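**Q** Got a predicted structure here, sequence first:
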Amino acid sequence: MTAVDPIVASVIQHRLFAIVEEMGEAMLRTSYSQILNSSRDFSTGLCDPEGRLIAQAEHVPIHVGALPWAAQSVTDFFKDDIHPGDVFLLNDPYHGGNHLPDLTAFVPVFEDGRHTFWSINRSHQSDIGGATHGAYNAAATEIWQEGLRITPLRLYDKGELRRDVYEMIVTNVRHPRDFRGDLAAMIGSARIGQRRLDALIQEFGSEQAHAAIEAVLDGAERQARAVIAGWKDGVYKGEAILDDDGHKYEDVHIRATVTKKGSDLTIDLTDSHQQVIGFINSSYPNMRSAVAMALAYLIDPHTPKNDGTFRPLTVLAEPGTVVWANPGAPVTLATNHCAQEIMEAIIKALAPACPDRAMAGWGRRFRIAIQGVDPRLRRPFIWHLFQARPGGGGSSAGDGWPGGGEWQAAGGIKFGSMEVTEVRFPLFFERHEFRADSGGDGKYRGGPGCVLDLRMEIDEPALGNTAGDGARHGACGLLGGKDGLPHRYVLKSKRRPDRVIKTKEVGIEIRPGDVFHILSGGGGGWGAGKQRDAKARARDAVNGFTSRAAPKKKAAKKKPAARKPARKGRR
């Protein structure tokens, strides 16, 4: 292999990161749906034809960890029938997707007629067909009830759009206008990646560029192994519990046995719960992404996250379990749950080995998707709740982020502007603030969740469905920290009793003027609460993160002064 100057390798490493970042910026500015252009539920990356992850932007971690299986799936299916100008699509979780709403666009990159890279955009669609609006079907018992399955598919053939295929896909979603715009944005984003890679290879030359990329991957491996090698060898165990699957199973467990030896980690998930009925099952690629995500959170943040980073991992799992469901099982919620619990079990297990690197649990996802008609324009809409985010987990670095969101995104998914939301949808945010006392206590407190009162400004009934977890089990505390409070969502109507909303429901009737009263969960605390600084507790109360002032220290009892011997008086 060609020797490469370390400075050149560093320049190319940063160029690759700049490419995937630019792809993301293009997506943010050209997509149609609020879930993409405001909440940023998309990711960009570069892979080689064999599926090795070359570079990723800092978007949504759970997306990117599964891209290698998707890239390899497209390569394996089309083999030598891949040409300049082609564009491919995929969303099937059993072919490298995470779940059906996450549609993925692939643009091939060529050098002298040889296919050398994939430029990739994975973006969550507002709707992907199926039995319910919004792409999450809590009632599903098989994947065919969740939406349109797209196995490796050619959408553009040597630069020409296959209109029949395109129209077939568009026809199967509920909001074709937004879908067309979002798909165009995805393809445009991936084409930017292809053009920038072309320019990089032309500038540095193919041989030097590829040698530098290999050096970047090898360097990431060395950095990851150096961190792992510093942990104590041993066998560690962790467990995480999901509330339920929405059907008959409750307290669904994920168990991780982690063996650390030298700079290698073996993650054994075989003792996890059997495959369930509902959509908390995970496909193999999504599970592998969750495992990679756990390691990414434990190593140095400046280490590039690529194929080399994850070479220290060996993963053991059993088909037919909730972490590796048999093909055909419903899996739509798995990007959140059980992915977050896979990661939680691994980090809990390794916390004794690397306490300063392990963070406490983040709040769990509890989304609502509403389908109705906007009375201002008489136009149908689908809206996904991204406000009232749960709190982030505390860590040795400090308190958890307020309203930071879920662990599998770690702040990568934002809640959209409330003002823009009110303009685009018939909604009114009456109240949106931090939920006091929701973060778990600890030396470093869990981030608070939120309180939201959301009024529906519709003039005919709408339908809602939910997908989430964490109404019974809150975010986990770590190393003596307390768990965060769980969620509580209530639908308030004028002429019917208040209704507690479950995390996995379909067909919720929403009447004009109804108000969602939402209390989202807080993050877990890190370290024993007795070690928390009194000034920090006082700040928490001032900021509304807690309703309690810092406990007053008991004044030390003064010892009574010794009595002086009485003078003898004169007689």
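**A** Received, thanks. Numbers count the residues shown, from 1 in each chain.
**Q** any idea how far Ala317 is from Glu239?
**A** 15 Å (CB to CB, to the nearest Å). Using the backbone N, CA and C atoms, a C-beta is placed for each residue, glycine as well.
**Q** Which stretches in the stretch 151-300 of the chain count as helices?
**A** 163-171, 176-204, 206-229, 284-296 (DSSP state H, counting those that start in this stretch).
**Q** and the ones you listed, which is most packed in?
**A** Of all those, helix 284-296 carries the top mean neighbour count, a mean of 26, counting by mean count of other CB atoms under 10 Å.
**Q** could you give the angle of the helix or strand Ile346 falls within to helix 284-296?
**A** Ile346 belongs to helix 339-350 when elements are defined using DSSP states H and E. Counting by axes from the mean of the first three to the mean of the last three CA atoms, to 10 degrees, helix 339-350 points 40 degrees away from the direction of helix 284-296.
**Q** Please name every helix or strand in contact with helix 339-350.
**A** Other helices and strands packing on helix 339-350, by 3 or more CB pairs under 8 Å, 6 or more residues apart in numbering; DSSP states H and E, are strand 234-244, strand 250-261, helix 284-296.
**Q** re earlier: TSV please, covering the helices of the stretch 151-300 of the chain and showing mean pLDDT and distance to Gly372.
**A** Formatted as TSV, the helices of the stretch 151-300 of the chain follow (pLDDT from 0 to 100; distance: least, CB to CB, whole Å):
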stretch	mean pLDDT	distance to Gly372
helix 163-171	98	22
helix 176-204	97	15
helix 206-229	97	47
helix 284-296	97	31
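**Q** Just send those helices back as TSV, with distance to Glu344 too.
**A** As requested, these are arranged in TSV below (distance: least, CB to CB, whole Å):
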stretch	distance to Glu344
helix 163-171	35
helix 176-204	31
helix 206-229	19
helix 284-296	8
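**Q** of these, which approaches Gln13 most closely?
**A** Checking these against Gln13 by CB to CB gives helix 206-229 as the closest, at 4.6 Å.
**Q** Tell me which residues are up against that closest one.
**A** 1-4, 6, 8-9, 12-13, 16, 52, 54, 111-112, 116, 200-201, 204, 260, 262-265, 295, 298-300, 303-312, 357 (CB atoms under 8 Å, 6 or more residues apart in numbering).
**Q** Show me what counts as buried in stretch 74-82.
**A** If you call a residue buried by 16 or more other CB atoms under 10 Å, then stretch 74-82 has these buried ones: 74-75, 77-78, 82.
**Q** then it to CSV, C-alphas only?
**A** Taking Å, rounded to 0.1, in the frame of the first residue of the first chain, the C-alpha atoms of stretch 74-82 are listed here in CSV:
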residue,chain,number,x,y,z
VAL,A,74,-27.4,-2.9,-2.5
THR,A,75,-23.9,-3.9,-3.8
ASP,A,76,-24.7,-7.6,-3.4
PHE,A,77,-28.0,-7.3,-5.2
PHE,A,78,-26.9,-5.3,-8.2
LYS,A,79,-23.3,-6.5,-8.4
ASP,A,80,-21.7,-5.2,-11.6
ASP,A,81,-25.0,-3.6,-12.8
ILE,A,82,-24.2,-0.3,-11.1
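**Q** Determine which of the helices and strands packed on helix 339-350 approaches Lys502 most closely.
**A** Closest approach to Lys502 among the helices and strands packed on helix 339-350 (CB to CB): strand 234-244, 8.8 Å.
**Q** For that closest one, list every residue counted as buried.
**A** Result for strand 234-244 [16+ other CB under 10 Å]: buried residues 236, 238-244.
**Q** quick one: it to strand 250-261, angle?
**A** 160 degrees.
**Q** Give me the helices and strands touching strand 234-244, please.
**A** The elements that strand 234-244 packs onto, with contact taken as 3+ CB pairs under 8 Å, 6+ apart, are strand 250-261, helix 339-350.
**Q** Point out the most buried one among the ones you listed.
**A** helix 339-350 (a mean of 28).
**Q** Next SSE downstream of it?
**A** Heading C-terminal from helix 339-350 (DSSP H and E), you reach strand 366-374.
**Q** Partner strands of that next one and their direction?
**A** strand 379-384 (antiparallel), strand 462-468 (antiparallel) (DSSP bridges).
**Q** hmm, who's touching it?
**A** By CB under 8 Å, 6+ apart, strand 366-374 touches 132-136, 174, 379-386, 390, 425-426, 456, 458, 460-471, 487, 489, 501, 503, 510, 516, 520-521.
**Q** let's see 7 Å
**A** 133-134, 136, 380-385, 425-426, 458, 460, 462-468, 470, 487, 489, 503, 510, 520 (CB atoms under 7 Å, 6 or more residues apart in numbering).
**Q** Ok, stretch 9-26 next?
**A** Contacts of stretch 9-26 (CB under 7 Å, 6+ apart): 44-46, 54-57, 59, 121, 188-190, 192-193, 196-197, 200, 204, 209, 212-213, 215-216, 304.
**Q** cool, stretch 152-170 as well?
**A** Against stretch 152-170 from outside (CB under 7 Å, 6+ apart): 73-74, 77-78, 83, 85-90, 95, 148, 176, 179-180.
**Q** Residue ranges in the stretch 201-350 of the chain under the pLDDT threshold?
**A** Counting by pLDDT under 70, the stretch 201-350 of the chain contains no low-confidence segment.
**Q** just the stretch 51-200 of the chain next, same as before
**A** In the stretch 51-200 of the chain, no residues with pLDDT under 70.
**Q** ranges for the strands of it?
**A** 53-56, 87-90, 102-111, 114-124, 153-157, 160-161 (DSSP state E, counting those that start in this stretch).
**Q** of all the ones you listed, which lies closest to Gly230?
**A** strand 53-56 (24.4 Å).
**Q** List the strands paired with the closest one, with their directions.
**A** Strand 53-56 is paired, per DSSP bridges, with strand 42-47 (antiparallel).
**Q** quick check: angle from the strand it pairs with to helix 176-204?
**A** Calculated by the same axes, to 10 degrees, strand 42-47 forms an angle of 30 degrees with helix 176-204.
**Q** what separates strand 42-47 from the chain centre, distance-wise?
**A** Centroid separation between strand 42-47 and its chain, computed with CA atoms, centre = their mean, to the nearest Å, is 14 Å.
**Q** and what of stretch 256-268?
**A** With CA atoms, centre = their mean as the basis, stretch 256-268 stands 23 Å off its chain's centre.
**Q** Endpoints of it, how far apart?
**A** Its first and final residues considered, stretch 256-268 spans 6 Å by CA to CA, to the nearest Å.
**Q** Could you do stretch 262-280 as well?
**A** End to end - CA to CA - stretch 262-280 spans 34 Å.
**Q** Any buried residues in it, and which?
**A** By 16+ other CB under 10 Å, the buried positions in stretch 262-280 come out as 263, 265, 267-269, 272-273, 275-280.
**Q** okay, these in CSV with distance to Gln408 next?
**A** Shown next, in CSV, are these (distance: CB to CB, whole Å):
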residue, distance to Gln408
Ser263, 26
Leu265, 19
Ile267, 16
Asp268, 21
Leu269, 16
Ser272, 17
His273, 19
Gln275, 20
Val276, 19
Ile277, 22
Gly278, 18
Phe279, 15
Ile280, 13
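**Q** coming back round to it: who wins for proximity to Leu67 among the helices of the stretch 151-300 of the chain?
**A** Taking those one by one with CB to CB, helix 284-296 is closest: 8.3 Å.
**Q** And the next helix-or-strand element following that closest one, what does it pack against?
**A** The helix or strand immediately downstream of helix 284-296 is strand 313-316, counting by DSSP H and E. The helices and strands touching strand 313-316, judged by 3 or more CB pairs under 7 Å, 6 or more residues apart in numbering; DSSP states H and E, are strand 264-268, helix 284-296.
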